[in-house]
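Enquirer: Sequence first, predicted coordinates after that:
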There are 2 protein chains.
Amino acid sequence: MSLIVTGTIGIDTVHTPTGSAEDVPGGSCAYFAAAASCYTPTRLVAAVGEDWPESHREVLSSFPGIDLAGLETRTGSNTFRWGGRYLENLNDRETLFTDIGVLAEAPPAIPESFRDSHVVFLANTHPAVQYGFLEHLPERRFTVADTMDLWINTAKDDLLKLLKSIDGLVINDSEALLLTGIRNPIDAARAIMELGPGTVVVKKGEHGAVLASGDELAVLPAYPADGKQVVDPTGCGDSFAGGMMGWLASRGRWDFAELQTAIAWGTVSASFTLGAFALEGLMDLDMSVIEQRMIDYQATARVGDQAPVRT
Amino acid sequence: MSLIVTGTIGIDTVHTPTGSAEDVPGGSCAYFAAAASCYTPTRLVAAVGEDWPESHREVLSSFPGIDLAGLETRTGSNTFRWGGRYLENLNDRETLFTDIGVLAEAPPAIPESFRDSHVVFLANTHPAVQYGFLEHLPERRFTVADTMDLWINTAKDDLLKLLKSIDGLVINDSEALLLTGIRNPIDAARAIMELGPGTVVVKKGEHGAVLASGDELAVLPAYPADGKQVVDPTGCGDSFAGGMMGWLASRGRWDFAELQTAIAWGTVSASFTLGAFALEGLMDLDMSVIEQRMIDYQATARVGDQAPVRT
């Protein structure tokens, strides 16, 4: 089933305790599409400025599953730029600079050829912009959005309107707390479901994810990563969503069993992003390598070998 | 295979954001034995003072799997008492008072009839005392200890000596960081293995647990608990160890597959402790109820329904 993603393409500068990457490809849309396109063809809708490096276009073009027909290059505009520094624990980061560039302009147009998309991911951007995309996607059957603290703080009414119009929300734990005032991620997910979406995934970073959908619940640990395997957390949340949505679109179903499987693929996809700077961990990634990591993950996170037996 | 536990019996007073329990049964040994005895007969070695309430003895006696032959009641001594208050997030707590009582005296004696024990758990107490128990257990085949920040800070040499003599350590994430200086729980577990034990379990509370043993690794989320299901975290770590060690003793094996299964049973046992004050959640617990929770846990934490398939 056709998958479309709208969001940002950025030029990122990232500092971690062990290294730096300057002016590398980034943005929610790029990470999502790079991860999702391993599972299913992925239509990308975003805008960049004339400063967008040719080398970044080559990186995105290297993913054969990404359809770039919805990527607008705007003359006279600048690409969104973000710089950040991760602290020693790699969980917290500080933003060094943000130049929003084209994000201050009109949102990118959805090409006519993309308007029959069935599965929709609204990567993080202003909720009014996210909402605006929906009217151009009349055949959407399963729509999931991401959001962030900025919009919860500054555009809550728009966000609440969006929530009434989507099927799922993917949100991290601190944002879920900010939105609901509830620290327990299960209760927070259920409170968000009261606001509209039938499915909520709360991402807990190194501690895994919680999925609530209808009356059902799933929990997963993160893919285990030792210190050497944690290189750059940038884009892990978007890659998680990419793996999750890419799997669902490839299956064409989103019942609870598929959703539970989808967050496992999301976890696996995010683990590749974590292991290298920028999009490097997702590049040239054969599906057999992803499948092998899923097999390792299933073995590592297996809940008991035996069915319960009386002892 | 016979299981023995040494540790503390306490009189606890606990305050949580939603309630309080005064002068209730507690202590590492009590929580461990209550959980372990659901899986296998459990020999308890601990000392209490003459102030120990008869009602507390009735609580421990209500667990048919606990052998109290090693419980010493000392005339003229006082039972260990602890009071604590959990903060709003239920993850952090402050100690209100500690009266160590009999813990300042000679450790309890291991009865002659317990000296053939094969599986040993040294619940949290001074590492020199833990080490001292070992010489009275010549037939031990698998010995696991717990410890805490106090001993890492004040008795590190004794702890390092203990670590060289045991097969496994169960430790929480903040204590693993304190002991090794390493925040990543996988790396911290491996660093502890360099100090002696071949198996290390790092407990992450609401975020689950990491098991490292030899070259192998397992990760599990906690049993999912919404706000109403989180009543009193006291003793969850000891109950986790009880479920884990009770399972291993009942199986008489501790290869990696058994260890991975054991931490799942530990997680299940801890979830019962969490759901009520003191030992209430573990009382009158039929094995069929524990098994049903394991089945629910396995379903909730299942990593994908399908084996990896190309899409």
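Expert: Yep, that arrived. Residues are numbered from 1 along each chain as shown, chains lettered A, B, ... in the order given.
Enquirer: what residues does the stretch 151-300 of chain A put near chain B?
Expert: Residues of the stretch 151-300 of chain A lying near chain B by C-beta under 8 Å from any C-beta of the partner chain: A:182-184, A:186-187, A:190, A:204, A:207-208, A:210, A:217-222, A:224-227, A:230, A:247, A:250-251, A:257-258, A:260-261, A:264-265, A:287, A:290-292, A:294-295, A:297-298, A:300. C-beta: built from backbone N, CA, C; applies to glycine.
Enquirer: How far does stretch A:267-280 sit from its chain's centre?
Expert: Chain-centre distance of stretch A:267-280: 12 Å, with C-alpha atoms, centre = their mean, to the nearest Å.
Enquirer: Now do that stretch, average pLDDT.
Expert: When pLDDT is averaged over stretch A:267-280, the result is 97.
Enquirer: end to end, how far does that stretch reach?
Expert: 17 Å (C-alpha to C-alpha, to the nearest Å).
Enquirer: Buried residues of that stretch, list them for me.
Expert: For stretch A:267-280, the neighbour count (16 or more other C-beta atoms under 10 Å in any protein chain shown) marks A:267-275, A:277-280 as buried.
Enquirer: same deal with stretch A:12-29?
Expert: Result for stretch A:12-29 [16+ other C-beta under 10 Å]: buried residues A:D12, A:T13, A:V14, A:H15, A:T16, A:A21, A:V24, A:P25, A:G26, A:G27, A:S28, A:C29.
Enquirer: Could the C-alpha coordinates of that stretch be exported in CSV?
Expert: C-alpha atoms of stretch A:12-29 as CSV (Å, rounded to 0.1, in the frame of the first residue of the first chain):
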residue,chain,number,x,y,z
ASP,A,12,22.6,19.2,10.4
THR,A,13,25.6,19.8,12.5
VAL,A,14,26.0,17.3,15.4
HIS,A,15,28.5,17.1,18.2
THR,A,16,28.6,14.0,20.4
PRO,A,17,31.1,13.2,23.2
THR,A,18,33.1,11.1,20.7
GLY,A,19,32.9,13.0,17.4
SER,A,20,31.2,15.6,15.2
ALA,A,21,29.5,15.8,11.8
GLU,A,22,29.1,19.1,10.1
ASP,A,23,26.6,20.0,7.4
VAL,A,24,25.3,16.4,7.1
PRO,A,25,21.9,15.4,5.6
GLY,A,26,19.1,15.4,8.2
GLY,A,27,15.5,16.3,9.0
SER,A,28,12.5,14.2,10.0
CYS,A,29,11.5,13.4,6.5
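Enquirer: how far does that stretch sit from the chain's center?
Expert: The answer for stretch A:12-29 is 17 Å, by C-alpha atoms, centre = their mean.
Enquirer: anything in it sitting right up against chain B?
Expert: No: contact of stretch A:12-29 with chain B is not found when judged by C-beta under 8 Å from any C-beta; the minimum separation is 11.0 Å.
Enquirer: ok, and what's touching that stretch?
Expert: Under the contact criterion C-beta atoms under 8 Å, 6 or more residues apart in numbering or on different chains, stretch A:12-29 has outside partners A:5-11, A:44-46, A:53, A:56, A:59-60, A:80-88, A:90, A:96, A:123-125, A:146, A:231-232, A:234-235, A:238, A:277-279.
Enquirer: In this structure A:T73 contacts A:W52, no?
Expert: Yes: at 6.3 Å, A:T73 counts as touching A:W52 under the criterion of C-beta atoms under 8 Å.
Enquirer: higher neighbour count, those two?
Expert: Each of A:T73 and A:W52 has its neighbours counted (other C-beta atoms under 10 Å in any protein chain shown); A:W52 has more, 24 against 15.
Enquirer: List just the nearest of the buried residues of stretch A:267-280 to B:S174.
Expert: The nearest member of the buried residues of stretch A:267-280 to B:S174, counting by C-beta to C-beta, is A:L274 at 23.0 Å.
Enquirer: roughly how far apart are the spatially closest residue to that closest one that is not a sequence neighbour and A:G168?
Expert: Closest residue to A:L274 apart from its sequence neighbours, by C-beta to C-beta, 6 or more residues apart in numbering or on different chains: A:C236 at 5.4 Å. For A:C236, the distance to A:G168 (C-beta to C-beta, to the nearest Å) stands at 18 Å.
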